[in-house]
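J.: Predicted model follows, preceded by the sequence.
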Amino acid sequence: MAAPIAPQPPPPGAVLDNRAIAQVFHSIALLLEAKGELPFKTRAYARAAAAFEALDTPLSDLAAQGRLRSVPGVGVAIAQKVQELLATGQLAFYQRLTAEVPESLLAVMALPGVTPRLAGRLWRELGITQPQDLRASAAEGRLDHAPRLAAQLHRAVAHLAGADR
């Protein structure tokens, strides 16, 4: 079975429907968790993303009506970010976040057994920012020097080894 695909933000210029906006907020939640941000903050973005996916009404309509905050889990800060995305197609907060935390960690998090917190540790402790880095680190035996990480990464490394066949 293939690994789940990590949510990726839409490319610049893409139509920003509820699903695309939800993907941005899912990515923010994952990257914040990998960064080690406070759990309430990561949950707020994840909750907002889930709410956006469940909406029948387009966020653009709610924004035009000034009703973004009527969406469960959407406060002032998240409403402002949605408005910025709708107005510009970009989000300065996301750009600042990916300047701090490699966006490629989203692909690492999509590997079996790799949580956002574990991906953050891999990045900080071993410099792993993409699946190929994990494969190379395993092949070079660098994971042997971090036994707790190695035990958690067994499934991900096995998945990557299977991808080579």
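T.: Thanks, I have the structure now. Numbering: from 1, shown residues only.

J.: residue ranges with poor pLDDT in this protein?
T.: Where the chain drops to pLDDT under 70, the residues are 1-15, 150, 154, 161-165.

J.: Determine which residue lies closest to the centroid of it.
T.: In the chain, the centroid-proximal residue (Cα atoms, centre = their mean) is Ser27; its distance is 2.7 Å.

J.: That one contacts Tyr94, doesn't it?
T.: Yes: at 7.3 Å, Ser27 counts as touching Tyr94 under the criterion of Cβ atoms under 8 Å. Any C-beta I mention is one placed from the backbone N, CA and C, and that applies to glycine too.

J.: Can you give me the neighbour number for the residue nearest to Ala92 when sequence neighbours are not counted?
T.: Closest residue in space to Ala92, ignoring its immediate chain neighbours: Glu84 at 7.0 Å, by Cβ to Cβ, 6 or more residues apart in numbering. For Glu84, the neighbour count with other Cβ atoms under 10 Å is 15.

J.: Which strands or helices does the helix or strand containing Glu84 pack on?
T.: Taking DSSP states H and E as the definition, Glu84 sits inside helix 76-88. For helix 76-88, the elements it packs on are helix 18-35, helix 39-54, helix 59-64, judged by 3 or more Cβ pairs under 8 Å, 6 or more residues apart in numbering; DSSP states H and E.

J.: quick one, the first one and helix 39-54 angle?
T.: Orientation note: helix 18-35 sits at an angle of 160 degrees relative to helix 39-54 (axes from the mean of the first three to the mean of the last three Cα atoms, to 10 degrees).
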